[in-house]
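1. Quick one, fold the following:
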Amino acid sequence: MFEQSTDGLCSPQMSFSSSSVSSLRARTMSSSDDGITVKKREVKGCCAPAGNKVKLLLVCGVLSCATNFPEGYCNSYPNTSHQTFQNQINESYIERGMEGGLTDAGFTWYWSLMLNIWFLGYLVGTFLTPYFCDNLGRKKALFISNCIALIGAILSVVGVTFNVPEVFFVSRIIASISSGISFGSLILFLQEATPTELRGVTSFLSESTFIMTMGLGIGFGMDAVFGTNLPLLTGISIFPAIVAIIIVIPLHETPKFLLINKDDKEAALASLEYYRGITAENDEVIEDMMLEMKVGGGEDEKSVVSGFFFAHYTARLTPFSFQITIWEGVKEVLTLPHLRIAFFLGAASLQIIVGIWPIVYLSTDLLEDNFSPEISQIASFAFMMADFLASIGGLLIIERFGRRTLLIGLGAANVISLCLYIASDLLIPVWDPIRWGQIAALILFGITYGTGKYPDHCRIALGPIAYFITSELVPQRSRSIVQSMTTFPKHRQFKVLGFNTMMNFILSFITLPCYTYFGALSFLPLLVIPSIFCLIFLFIYLPETRGREVHDVVDELMARHNKDGGQNKANYGNSFVQSRNISSSVLSASSIASIGSIDKKTTETEA
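-> Numbers count the residues shown, from 1 in each chain. Next comes the predicted model:
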């Protein structure tokens, strides 16, 4: 009944796949005298894309914009409205008896903490991501995160309306927790709900909408718009949260989650039809998803089902799930070579875009050293618009050029833009007009980033690719935990978890004080030198992922770390089965029983 497959995992014989495919085909195909024809029936579900690519991209775009709005908007409007916030905060403390309010140095650290507390809240959300995504599903995780975002938006309005900075501080923590959850959830949702040929476009679309919301934040925060009306400025974020909640409700869970995590092939096929339509290729798509259950750690044998705060919580995701805590998942990632290198590659990719946060938070404040407040605000808005427009261009080239080429090339250009900013600042005493070079460098920084979801600096591809590249390097079961370990979502960590988030918090928190004391030269040790080392690492180890299925990329990573070549996968599988042989037997029996149940239901339906 069972045989040892070539990948070393204990799996059913080929009849397993044939039976599954036959039962699935029965739902989409019917016999006729002319051969096999596709049934003409409509996909059930509100606003179902059903294979319409334009409609699918529209759904993904609106969902991405509404979900990304809290992080993009709430982290950008303080940039241009920082003076209004400073005045209100000082007035609040003066009213409570602090003569003169905060000192300039005191406000520098206070404001830096107010802005960068976002990363710590984001870290909490990141820890929760594996639990929500792997136990409840991508859809429910998005729904919960947007409900939390709504609470944070309401509190921010209360804080600025009643002039209580502490409430506004708490609102940023709550909103950042929601963003920590939604970042990973949204990326996984987009990657798993869309076909391979649209995966890069939808992920890039997420990044682009993020940049758009950042542009709105910087624009609305200008004194000439809503910068002097903080209740209105902060209250705008309430409406996108409501829209996101409404959009998520009718959507289906992703087919990969239903098939691999829930072992529900009927629901997976229904989800596949909901997003991609009823086609003869659905059987092949299901088979490709099944392949992910056999590579890179055997998704089919165990799943990470608990987050950091649920380390002792267990729940059955499937009849064959083997429950482990998040720390066991981390140990697995750091132990298995192909998962470990994927984690390091993801961390390096995000590290080269870490400079986006200090720029998004502080560009107006930094430019005011050499320009008037009005020019500084306009320059910051131009920087964000350049980022957004470059992201539009990125949508056109993301599937025409390799991820590796774009990430490394634009990463190098991004570092060059920072060097130009530093050089312009140092040469101002020699030739005053060179100060305009700072604005040019800032705009170049935005163009090279061209991403969207989380403030980074490369809309053309650097930002977006840096965020979704990790999900193209690891198999389904390990995807949530590896993404949580590497990503900030401006992004996340405790020791190894949330590595990028912690780097974002540390670097962004000290940037304003360091810039105050050392000027633009502080960018060298904080941003430039670390990025150079990361680019070298990516050049050596990053594989190309464009147009490839995840299991192909995982096979390549595994082969790189195996001296015996093609036997790496088998060796890993043998050792894994030896430690989980009982779980494997339960898996196989449950899988066949599940398929038999589907066939039985299909036969009864046809009768």
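
2. Quick one: distance of the helix or strand harbouring residue 116 to the chain centre.
-> Per DSSP states H and E, residue 116 falls inside helix 104-131. Distance of helix 104-131 from the chain centroid (Cα atoms, centre = their mean, to the nearest Å) equals 18 Å.

3. in the next helix or strand after it, what's buried?
-> Using DSSP H and E, the helix or strand that follows helix 104-131 towards the C-terminus is helix 138-161. By neighbour count on 16 or more other Cβ atoms under 10 Å, the buried set for helix 138-161 is 138-139, 141-146, 148-150, 152-160. Every residue, glycine included, has its C-beta placed from N, CA and C.

4. Go ahead and confirm residue 333 touches residue 341.
-> No - Residue 333 lies out of contact with residue 341 (Cβ atoms under 8 Å); the separation is 10.2 Å.

5. Neighbour count for these two, which is higher?
-> Taking other Cβ atoms under 10 Å, residue 333 and residue 341 do not tie; residue 333 has more neighbours (24 against 18).

6. does the residue lying closest to that one once chain neighbours are set aside sit in a helix or strand, and which one?
-> Counting by Cβ to Cβ, 6 or more residues apart in numbering, residue 333 lies nearest to residue 339, which is 4.5 Å off, once chain neighbours are set aside. Using DSSP H and E, residue 339 sits within helix 337-351.

7. Show me the contact partners of whichever helix or strand comes after that helix.
-> Using DSSP H and E, the helix or strand that directly follows helix 337-351 along the chain is helix 356-367. When contacts are defined by Cβ atoms under 8 Å, 6 or more residues apart in numbering, helix 356-367 is touched by residues 75-76, 78-80, 82, 115-116, 214, 373, 375-377, 379-380, 383-384, 438-439, 442, 445, 449, 454-457, 463, 490, 504, 507-508, 511-512, 515, 526-527.

8. Now the buried members of those.
-> Buried positions within the contacts of helix 356-367, assessed by neighbour count (16+ other Cβ under 10 Å), are 75-76, 78-80, 82, 115-116, 214, 373, 376-377, 379-380, 383-384, 438-439, 442, 445, 449, 454-457, 463, 490, 504, 507-508, 511-512, 515, 526-527.

9. Please flag which of those residues sit within helices.
-> In this view, the buried ones among the contacts of helix 356-367 that belong to helices under DSSP state H are 78-80, 82, 115-116, 214, 373, 376-377, 379-380, 383-384, 438-439, 442, 445, 449, 463, 504, 507-508, 511-512, 515.

10. quick one: average confidence on the helix or strand harbouring residue 175?
-> Assessed by DSSP H and E, residue 175 sits inside helix 165-193. Averaged across helix 165-193, pLDDT comes to 92.

11. for that helix, which positions count as buried?
-> Neighbour-count burial for helix 165-193, counted by 16+ other Cβ under 10 Å, picks out 165, 167-193.

12. Check stretch 541-550 too.
-> By neighbour count on 16+ other Cβ under 10 Å, the buried set for stretch 541-550 is 542, 543, 545, 546, 548, 549, 550.

13. so how far is that stretch off the chain centroid?
-> Centroid displacement of stretch 541-550 relative to its chain, using Cα atoms, centre = their mean, is 18 Å.

14. what's next to that stretch, contact-wise?
-> 196-197, 200, 288, 291-292, 341, 344-345, 349, 399, 401-404, 407-408, 469, 472-476, 553, 556-557.

15. Pull out the buried members of the residues you listed.
-> Applying 16+ other Cβ under 10 Å to the contacts of stretch 541-550 flags 200, 291-292, 341, 344-345, 349, 399, 402-404, 407-408, 469, 472-476, 553, 557 as buried.

16. Just to be sure, which of those residues are found in strands?
-> Using DSSP state E, no member of the buried ones among the contacts of stretch 541-550 sits in strands.

17. any idea of the pLDDT on residue 511?
-> pLDDT, residue 511: 95.

18. The closest residue to it other than its chain neighbours and residue 225: what is the separation?
-> Nearest residue to residue 511 in three dimensions, chain neighbours excluded: residue 358, at 4.0 Å (Cβ to Cβ, 6+ apart). Distance of residue 358 to residue 225, computed by Cβ to Cβ, to the nearest Å: 23 Å.
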